[in-house]
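> Just a sequence and a predicted model for now, questions to come.
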Amino acid sequence: MSIWHHLGALIAVVILLFYWAFHARVVAEGALMLAFPDWDVSFRSCWMNPLGGAWVSDIDMIPVDGTEEDAYHFDSLSIDVPILQYYRSGASGKKRKIDLSAIHDIDLKFSGGHGTVAWPLSSELAIFGNASASPFEAAGCLDDNVWTADEFASMGLSVKPTSFRMGWHRDGDVLKIEQSLETPGAGRVDSIDEFNLVGSRNSEDLELAASEWHVLDQGFVQARNNFCAEKDGVSTAEFVDRHVASVQRALRVGGLEATGTTDAAYRKFAEHGGSLDLVIRYSPAIDAAVSEDDDWGRWLARAHAELVVDGQTQRVGMRTVSAQPLPADSEDKTLYSIVQMERSRSRPAQEPETAASTVTKATGAAVAAADPATNAEEPELLMASPVEAVERPDTILDYRKLAAEKGQRFMVYLKGKSPMKVEVVGSEEGLVKVRRYLRSGWLEHTIARAGFERAVRIH
């Protein structure tokens, strides 16, 4: 065999290796964009898995418009996709508008997670601590809003690095999105959302059919109760009262209230930990028209929910009440300090606060929290009613008016997502088109009417 044959074979191998490396990077970038659309994500290196998928190392994430102090890091990521889907993805991995009908099975498995960011890793897990995997982890504490894993030692917990799994699995016109967040020694939460694919089958054309959360406490709840009770100078029983009252206050932000039986079931979990399972099925499914409606009565009319605490099952009792946004001066306050402040304003100054009054006021627990625009340390929520924005110059509340602001830059607030800095490009097929700012440059993006809350002009 001549030298030219050897040289040709070598060149072919080099080209193949280059293609594999390039393809693995395309797949990794596309998967991370799908998983974290509201984060600026980078990684050190990636390698192709010949059987489908890729391995990625040293993933660093910062929320869009966040700072270095808001960083989160994973040591490694394993991307698993069927081999044919993997190779087809090379042609579409750079597309920024994802056709969900092209997905069959995708699994992302992150390991070695740690960081100081207060933003939730996903909107579906918004009320859960990034390290504790516990709902409303710091509610009831006077001086704490969130915790990182390196603070758990002071609570008496010995934990291992956080792992995070995300999966997309499609069967016909039904798409399931599964997530699992676990810090061994603290807790674990699993989330499952079931969507019906309709219309153009992109992420803006989904109907929510069901949602599930399965929580398993691994020691965090009682450690949190003891830690905050000692720190704030109260008994653990009184701290649990404070925790439940704070969760109830968060619930009223979205105009919701739980019945006494549901409150009692959550209180049991808040006292002792254990397991908590919440399953909600919507009949009919939540479409775009209902999703953008501020009337939570329409949501509740379609919801059939079941709550299981340590194996005891009950129907979830929930009703709508007048929404009670957090005070304008609450940016640096914890939920319980707000509860204290509001109670002191609503009763005679000489009336002492008692645990009993706390118990009577704590009537429920559910999923709602502060608008991240007014309280950056409270997580934003997937299903929270938007806090009423104050009308002021340079604030756009009408979705249709945003498209007319071509060339202008705004901070846009969307339901269940982190705020993002954008430049308005115009409109296309009824959707507002923008360029979204990332640390690496500007990215073309569309904003759906259903998710729009408001836009604040950037000067």
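Sure thing, it's come through.
> Over to Q218: give its phi and psi.
Phi and psi for Q218, reported as degrees, to the nearest 10, are phi -120, psi 30.
> hang on, isn't it packed against S158?
No: here Q218 lies out of contact with S158, judged by C-beta atoms under 8 Å, at a distance of 10.8 Å. Every C-beta, even on glycine, is put in place using the N, C-alpha and C of the backbone.
> May I ask which helix or strand of this protein has the lowest mean pLDDT?
helix 355-361 (a mean of 36; mean pLDDT, DSSP states H and E).
> Between Q218 and S158, which has more neighbouring residues?
Neighbour comparison, Q218 and S158: the larger count goes to Q218, with 19 against 10 (by other C-beta atoms under 10 Å).
> where do the contact lists of Q218 and S158 overlap?
The contact sets of Q218 and S158 overlap at G185 (C-beta atoms under 8 Å, 6 or more residues apart in numbering).
> Pull up the gap between the most centrally placed residue in the chain and F36, please.
The residue lying closest to the centre of the chain (C-alpha atoms, centre = their mean) is S123, at 2.0 Å. Taking C-beta to C-beta, to the nearest Å as the measure, S123 falls 11 Å from F36.
> same check, this time on G426
27 Å.
> Setting the sequence-adjacent residues aside, check what's closest to R252.
Closest residue to R252 apart from its sequence neighbours, by C-beta to C-beta, 6 or more residues apart in numbering: Q324 at 4.2 Å.
> ok so that neighbour is a helix residue?
No: with DSSP: H, G, I helix; E, B strand; the rest coil as the criterion, Q324 is coil rather than part of a helix.
> returning to what we had before: phi, psi for the residue nearest to the centre of the chain please.
phi -70, psi -30.
> Over to W147?
According to degrees, to the nearest 10, W147 has phi -130, psi 150.
> Spit out the contact partners of it.
Contacts of W147 (C-beta under 8 Å, 6+ apart): 129, 131-132, 137-138.
> Tell me which two in those residues are the farthest apart.
A131 and A138 (11.2 Å; C-beta to C-beta).
> Those two: who's more crowded?
Taking other C-beta under 10 Å, A131 and A138 do not tie; A131 has more neighbours (27 against 23).
> Point out where the stretch 1-150 of the chain drops to low pLDDT.
For the stretch 1-150 of the chain, residues meeting the criterion pLDDT under 70 lie at 1, 4-6, 8-10, 12-21, 65-66, 83-102.
> How are the strands of it distributed by residue range?
39-48, 54-63, 72-80, 105-115 (DSSP state E, counting those that start in this stretch).
> possible to save the contacts of W147 as CSV with distance to D70?
Below are these laid out as CSV (distance: C-beta to C-beta, whole Å):
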residue, distance to D70
G129, 15
A131, 14
S132, 18
E137, 18
A138, 17
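> nearest to I177, of the strands of the stretch 1-150 of the chain?
Comparing these under C-beta to C-beta, the one sitting nearest is strand 105-115, at 9.9 Å.
> Quick one: residues in contact with the next helix or strand after that closest one.
Note on strand 105-115: by DSSP states H and E, the next helix or strand toward the C-terminus is strand 162-171. Contact with strand 162-171 is made by 34-35, 74, 100-101, 103-114, 121-122, 130-131, 149, 175-183, 197, as judged by C-beta under 8 Å, 6+ apart.
> Just the buried ones from those residues, in PyMOL syntax?
A single PyMOL command selects the buried members of the contacts of strand 162-171 (16 or more other C-beta atoms under 10 Å):
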select buried, resi 34+35+74+100+103+106+107+108+109+110+112+113+114+121+122+130+131+149+175+177+178+179+180+181+182+183+197
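> Alright, that wraps it up for me.
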